[in-house]
Each structure stands twice: as structure tokens, then as C-alpha cells.
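Engineer: Take a look and give me a structure for this.
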Amino acid sequence: MSPSAAPLSLLDPPTVPAARRAADGARRRTSASAVLRSVLEHGPVARSTIARLTGLSPASVTDHCARLDALGLIRETAAPRRSKGAGRPHVPVDLDADRFVVGGVHVAVPHTSVALLDLRGRVVAERRLGHDAGTGPDRVLANAADGLGALLRAAEGRVPLGVGVAAGGWVDRDSGTVVEHALLGWRDVAVRDTIGERTGLPVQVDGHARALVNGERLFGRARGSRSMLHLFVGNVVDAAFATHDEVHHGPRSQAGAIAHLPLAGGTEPCECGRIGCLQAELSERTLCRRAREHHVIRTANPVHVVRAAAAGDPVAIRLLVERAGMIGRATRLLLDVLNPETVVVTEVGVMYRQDCLDALREAVGRHDVLVVPSSFPDSVLAVAGGSVALDVLYRDPLAVPTGPATGPRNRINSETPNVDRECART
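Structural biologist: Just a heads-up that it's a prediction; the model follows:
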């Protein structure tokens, strides 16, 4: 046999152990993720129960729990649970939700939300930073980093693991870039590099609809769903789809761009030149403009429309219910294509009013699909940002740096004293 005809395994034997090491590493990451997710969902929980839930061997669960404990992500609970038979009592483990936090940044059109979240996705602290000085990316991202620094200095020694940033528009997760956000006027903004340089922390970036799918599958009422569609209806209207615990991104993370899908019966002119595009018809800007035309509110804040409806204003109620029905029709279009098990809608009326949720479900017209509002009505933007970072943690917990902050990471604790003064006033 000539050398050119020799089997590949004989020509290049070093690739075999390298491939085996890569496969072993992938198995370890998957197993560690399964263990930590089980502790998140069921903790305090015995190691034997984790083994039963995950299908891993008791020895493997014990090993992974030891690693996660050493990293400070889990801890044994104080009171051991006695087993029914003879032998040592079971000592449950639980998340150590008091030690670490992640930073969450959500860039919306009128403001940026900055927050700290614990390992259970609960908001520890939150601030909203208005865009009064404009939406230029340098200023907005600098203010976001400063706001996170102020929150961390007030967080009584909690250790930051990283920062998640979520935004609407076209967001490329792999490059950490906002490729295009027309309403903000952003194009090719290197968000990950900018926030990382100012904070010294690892930064992950994603679109807000995809981020909220991850928040729902980790911490929300749709946890455990095999397939999920998320529809985000704010100033930006977009969507995300996940199946078998994986969110679909598509090339350059462009999946979910539905702003210019046509909505039957729509009347709003769109900047693209057509009539009735989803974002033009359903955006919060359109809702607030219509509410101002009917003298319901004087602002551009959709929450004020909800408050007017809660006070009994019939026009406010009509505007919200009609909008929910249109959202339901848009949802039905997506259901016909994707056919998910669960639909989650993040929209101000649906989150707070039963009549809006009822109108949405009636327009969807599908009883075989669970249609629910966001699980995070009072903190949805903070959870969106934080979930970008927490998704990375729960997918590969062994890779998360949990050691004490050193070097550049200390920047976030030593800079921007002016933000402390602002926090004291608010």
C-alpha cells in the first residue's frame, strides 16, 4: 500500500487522543451543566436525587458536586436529611446564591437598565439610566458600565462573575456586536469590547428576545418546555425560537427579525414604504401616539396607558385590548410556521391585564399551545441582560472564573465616584 493510500488514523495518530480529549471535555461540561441545573430546579436536593434526575452515576454526581462546591457555586445545606434505611444521612446541596452576581445591561430606546442578578436569576439591585443626553453608543455604554460599578460597590462584597448585555435590533452574539439598531441609530457597535474594557469583566451580548428565552427556560414558568417561541413587543418588535434547550440564532445571529412582516388589517405606514408592518403597527411608540391623540396620556410611556386603563379609562382599555388582539394574529402567523409547545409574550398590556391576555389567546385560536405572559413582569429588562450571562454559566459552569478579582477587574470597584452621588439621590 502506498503512503498516499494509508488510512488516516495511521498517517496522523496524534489526532485521535486530541479528539478523545475534546469529547471527554464536552461530556464533562454537559454533565456539570446537568448537575447545576438540577440544583437550580430542585435544590436543596440530595446527590442521590440528582443522580436519578440526570441519569449520571452517583460517583460522577459526587465528583461534579465537589467541583461546583470548590468553585463556590453550590454548598451543602446546614441540616442533613435522614435516609429511610441505615447508613449516613443525606446532606442536600443548594445553590450558593449569596456569593456571586452577574451584571445585566439592557439597552432600550428611551433608557438603559442596569442590574445585578443572583444565580437564581433574581434581581438584587437595578437602576434605569435615561438617554437624556442622546443615544450615541459611546455615551450609553459608558453610562451603563458606570451604573454597574455603582451597583457593585453597594452590593456588600458580592463577587461579579461577568456581564450580560441585551438589546433589540440585529445583535451578533459571536462577535459581541450590535450590527444594526435603527431606532437607536447604532451600526456595528462593539458592545462586548467596550463594556469589557471599562469593567474588566467577561461580557456576553445577545438580542433581548433570545435572552428572555434563556431566562424563561432557566427561571420562568415555561421551564421544561421542549420548544418555545418568545415574542417581544416594545419599541422594537422581534422574536426568538428555541427547541430542545437550544435557541436558534442563524447566520450572524440574524434569526428573529420580524419587524417588517405584514399584519393583515394594519394601517400604520412603515419607514420601509409599506403599510402594516409588525413593528410599525404594534410598537409602543404607536400605542402611545394613539393614546395621546385620544387625550388618554401626555407622555411616551406605555405604562401610563396601562395605569389609565386600571383607572377605568375606556379608551385606554380599548387601545390595549385591540393591540393584544393584533399581537395574537401576529403570533398565529409564527405558530403556523414554527408550531412550538409554548408561546411567551413580553408586552406591557398582556403582562398586567387579564383582558389583554384573553384577547391575545382568542386571536391565537390554538388550544394545543400554552400561551403565557413573561414570567418577569416587574423586571423583564433586567432579567434579559442578566440571562445572557447566566445562560453561559449554566451551560459550562466549570469554565466560569470565580476567583477573587485582580488586575483590571478591580476597575469596576474603583472608578466613577460621580455615579455613587447619583445613586444617593435616587
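Engineer: any residues touching stretch 246-265, and which ones?
Structural biologist: 170-174, 179, 206-207, 209-210, 213-214, 236-242, 270, 272, 274, 276-279, 281-282, 326, 329-330, 333-334 (C-beta atoms under 8 Å, 6 or more residues apart in numbering). Backbone N, C-alpha and C define where each C-beta goes, glycine included.
Engineer: so how far does that stretch reach from one end to the other?
Structural biologist: Across stretch 246-265, the terminal residues are separated by 34 Å (C-alpha to C-alpha, to the nearest Å).
Engineer: And the protein, split by domain according to the record?
Structural biologist: Domain assignment for the chain by automatic domain parsing gives 3-95, 100-211+411-425, 221-374.
Engineer: Determine how far the shortest one lies from the middle of the whole chain.
Structural biologist: In terms of C-alpha atoms, centre = their mean, to the nearest Å, the centre of domain 3-95 is set 25 Å apart from its chain centre.
Engineer: Just give the closest residue to His64, not the sequence neighbours.
Structural biologist: Here the nearest residue to His64 in space, its sequence neighbours aside, is Val35; by C-beta to C-beta, 6 or more residues apart in numbering that works out to 4.4 Å.
Engineer: What pairs with the one helix or strand Gly103 maps to, parallel or antiparallel?
Structural biologist: Assigned by DSSP states H and E, Gly103 falls within strand 100-107. Strand pairing for strand 100-107, determined by DSSP bridges: strand 111-117 (antiparallel), strand 159-167 (parallel).
Engineer: Do you have the strands of the stretch 201-350 of the chain handy? List them.
Structural biologist: Along the stretch 201-350 of the chain, counting by DSSP state E, counting those that start in this stretch, strands occupy 203-207, 227-233, 237-243, 246-247, 342-346.
Engineer: Show me what the helix or strand where Gly147 lies packs onto, helices and strands only.
Structural biologist: Element membership for Gly147, per DSSP H and E: helix 137-153. Counting contacts by 3 or more C-beta pairs under 8 Å, 6 or more residues apart in numbering; DSSP states H and E, helix 137-153 packs against strand 100-107, strand 111-117, strand 123-130, strand 159-167, strand 186-189, helix 191-199, helix 411-414, helix 417-425.
Engineer: can you pull the buried residues of that helix?
Structural biologist: 137, 140-141, 143-153 (16 or more other C-beta atoms under 10 Å).
Engineer: what's the answer for stretch 125-132, then?
Structural biologist: For stretch 125-132, burial by neighbour count (16+ other C-beta under 10 Å) applies to Ala125, Glu126, Arg127, Arg128, Leu129, His131.
Engineer: just how off-centre is it within its chain?
Structural biologist: Chain-centre distance of stretch 125-132: 18 Å, with C-alpha atoms, centre = their mean.
Engineer: shaky segments in this structure?
Structural biologist: 1-16, 79-89, 402-426 (pLDDT under 70).
Engineer: One more pass at 80, please.
Structural biologist: 1-25, 78-90, 400-426 (pLDDT under 80).
Engineer: quick one on the thing from earlier: to Val392, which of the domains of the chain lies closest?
Structural biologist: Distance to Val392, taken as C-beta to C-beta, is lowest for domain 100-211+411-425 among these, at 5.4 Å.
Engineer: gap between Val171 and Val337?
Structural biologist: Distance, Val171 to Val337, using C-beta to C-beta, to the nearest Å: 22 Å.
Engineer: could you point out the longest helix in the protein?
Structural biologist: helix 15-42 (DSSP state H).
Engineer: List the buried residues of that one.
Structural biologist: Counting neighbours by 16+ other C-beta under 10 Å, helix 15-42 gives Arg28, Ser31, Ala32, Ser33, Ala34, Val35, Leu36, Arg37, Ser38, Val39, Leu40 as buried.
Engineer: same deal with stretch 194-214?
Structural biologist: 194-196, 198-214.
Engineer: Stretch 269-278 now?
Structural biologist: Neighbour counts over stretch 269-278 (16+ other C-beta under 10 Å) mark Cys270, Gly276, Cys277, Leu278 as buried.
Engineer: Run the chain-centre distance for it.
Structural biologist: 29 Å.
Engineer: residues in contact with it?
Structural biologist: Residues from elsewhere that reach stretch 269-278 (C-beta under 8 Å, 6+ apart): 182, 237, 258-268, 279-280, 330.
Engineer: go on, stretch 125-144?
Structural biologist: In contact with stretch 125-144 (C-beta under 8 Å, 6+ apart) are residues 105, 107, 109-116, 147, 150-151, 154-155, 165, 178, 184-186, 189, 191, 194-195, 198, 379, 382, 423, 426.
Engineer: Buried subset of the residues you listed, written for PyMOL?
Structural biologist: The PyMOL command for the buried members of these (criterion: 16+ other C-beta under 10 Å) is given here:
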select buried, resi 105+107+109+110+111+112+113+114+115+116+147+150+151+165+178+184+186+189+191+194+195+198+379+382
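Engineer: Return the distance of Pro58 relative to Ile50.
Structural biologist: Applying C-beta to C-beta to Pro58 and Ile50 gives a distance of 9 Å.
Engineer: Tell me which of these two has more neighbours.
Structural biologist: Higher neighbour count among Pro58 and Ile50: Ile50, with 26 against 12, using other C-beta atoms under 10 Å.
Engineer: after the helix or strand hosting the more buried one, next one along is what?
Structural biologist: Per DSSP H and E, Ile50 falls inside helix 47-54. Scanning forward in sequence from helix 47-54 by DSSP H and E, the next helix or strand is helix 58-71.
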